[in-house]
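Visitor: How does the following fold in three dimensions:
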Amino acid sequence: MSYTYSYEKGLASKIVSSGGYTYIAEAVPPGHEYANRAAHEAAAAWRVVRIDSNGSAQWAEGTSEFEHVATDLTALNYID
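Guide: Numbers count the residues shown, from 1 in each chain. Take a look at the predicted model:
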C-alpha cells in the first residue's frame, strides 16, 4: 500500500493504492483546530471515493459528503 498527501485546489487530499483500487480522500485543509496531519485524518471531515481498474467509482457509505475519517481508506464501506 502506498499513499500521497497534499494540499492542492483548496483541499487536502490523500491518495492510496491498494488491492487493485485507488482511494481518493479530500477535505478542507486543516486549520488551527488540528494539531497535526494524523489528527486531521482522524476527523470526520473527508469525502472518500474508491476507483477500480475499469474506472468505476464507489463513494464511502454511498455519499460524497465530507463526513468520513481518512485514517484507513481501505476499511470504509463502499457503495455503488
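
Visitor: This protein: strands as residue ranges?
Guide: 2-8, 11-18, 21-27, 47-51, 57-60, 78-79 (DSSP state E).

Visitor: Report the central residue of this structure.
Guide: The C-alpha lying nearest the average C-alpha coordinate of the chain belongs to A25 (CA atoms, centre = their mean; 1.9 Å).

Visitor: could you redo the strands of the chain as a markdown table and give each row mean pLDDT and distance to H40?
Guide: Using the backbone N, CA and C atoms, a C-beta is placed for each residue, glycine as well. Listed next are the strands of the chain as a markdown table, based on pLDDT from 0 to 100; distance: least, CB to CB, whole Å:
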| stretch | mean pLDDT | distance to H40 |
| --- | --- | --- |
| strand 2-8 | 58 | 10 |
| strand 11-18 | 88 | 7 |
| strand 21-27 | 93 | 7 |
| strand 47-51 | 97 | 14 |
| strand 57-60 | 97 | 17 |
| strand 78-79 | 93 | 22 |
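
Visitor: So for stretch 49-59, first residue to last residue, what's the gap.
Guide: One end of stretch 49-59 to the other measures 4 Å (CA to CA, to the nearest Å).

Visitor: Check which residues of it are buried.
Guide: Using 16 or more other CB atoms under 10 Å as the test for burial, stretch 49-59 gives V49, R50, Q58, W59.
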